[in-house]
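1. With the input below, show me the fold.
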Amino acid sequence: MNQALAAIRSAGMRDIIAGARALIFDVDGTLAETEEVHRRAFNEAFAEAGLDWFWDQVAYARLLRVAGGKERIRAFDQRNAVPSLTFADIADLQGIKTKRYAALIAAGGCPLRPGVRAWLAGRA
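-> Predicted structure coming up:
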């Protein structure tokens with residue numbers, strides 16, 4: 001079973017969703033600030049893959065103009081006169097990043113925006 005799905009089930013979210021009066025389709029960053037977690041996951045993936053890359057907040061903000069994780073990696077790699085990563089390398093790197101992102105989220109590394117928890121619980 002998917003770890004994220006298991007976390008939702010164990011957190012009682014199934015009951016919350018079943019009793020909901022509305023359904024919100026979240027756009028990344030609406031209910032929680034996720035970009036910093038994505039940036040951390042990218043940097044952890046780079047380290048795991050043995051790359052000496054590090055995206056600070058300024059560099060990552062510029063890279064957000066490029067849609068998609070693999071596309072961001074490709075854009076960053078192409079800053080060199082001779083890009084070093086193949087499409088397969090980029091796919092592997094994105095896979096590592098996705099696993100790191102899921103682990104960070106599962107560990108509570110992405111708190112909800114202020115007021116969201118109370119609103120979801122019907123106290124706002």
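2. From here on, just use CA atoms for contacts and neighbour counts.
-> Fine.
3. Now the residue sitting nearest the centre point of the chain: which helix or strand?
-> Central residue of the chain (Cα atoms, centre = their mean): His38, 3.9 Å from the mean position. Following DSSP states H and E, one finds His38 within helix 35-48.
4. Ignoring the adjacent residues along the chain, who's closest to Val66?
-> Spatially, and ignoring its direct neighbours in sequence, Val66 is nearest to Arg72 (5.7 Å; Cα to Cα, 6 or more residues apart in numbering).
5. For the helix or strand where the one you found lies, list every residue counted as buried.
-> Here Arg72 is covered by helix 69-77, with elements defined by DSSP H and E. Neighbour-count burial for helix 69-77, counted by 16 or more other Cα atoms under 10 Å, picks out Gly69, Lys70, Arg72, Ile73, Arg74, Phe76, Asp77.
6. Dump the residues you listed into CSV; add distance to Ala59 and pLDDT as well.
-> Output for the buried residues of helix 69-77, formatted as CSV (distance: Cα to Cα, whole Å; pLDDT from 0 to 100):
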residue, distance to Ala59, pLDDT
Gly69, 14, 95
Lys70, 16, 96
Arg72, 11, 96
Ile73, 12, 96
Arg74, 14, 95
Phe76, 10, 95
Asp77, 13, 94
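7. Out of those residues, which is nearest to Leu104?
-> Gly69 (16.6 Å; Cα to Cα).
8. Next, count neighbours for Asp15.
-> Using other Cα atoms under 10 Å, Asp15 has 11 neighbouring residues.
9. what angle separates the longest helix that the chain contains from helix 69-77?
-> Taking DSSP state H as the criterion, the chain has its longest helix at helix 87-106. Counting by axes from the mean of the first three to the mean of the last three Cα atoms, to 10 degrees, helix 87-106 lies at 120 degrees to helix 69-77.
10. Flag every buried residue along helix 87-106.
-> Buried, per 16+ other Cα under 10 Å, within helix 87-106: Ile90, Ala91, Leu93, Gln94, Ile96, Lys97, Thr98, Arg100, Tyr101, Ala102, Leu104, Ile105.
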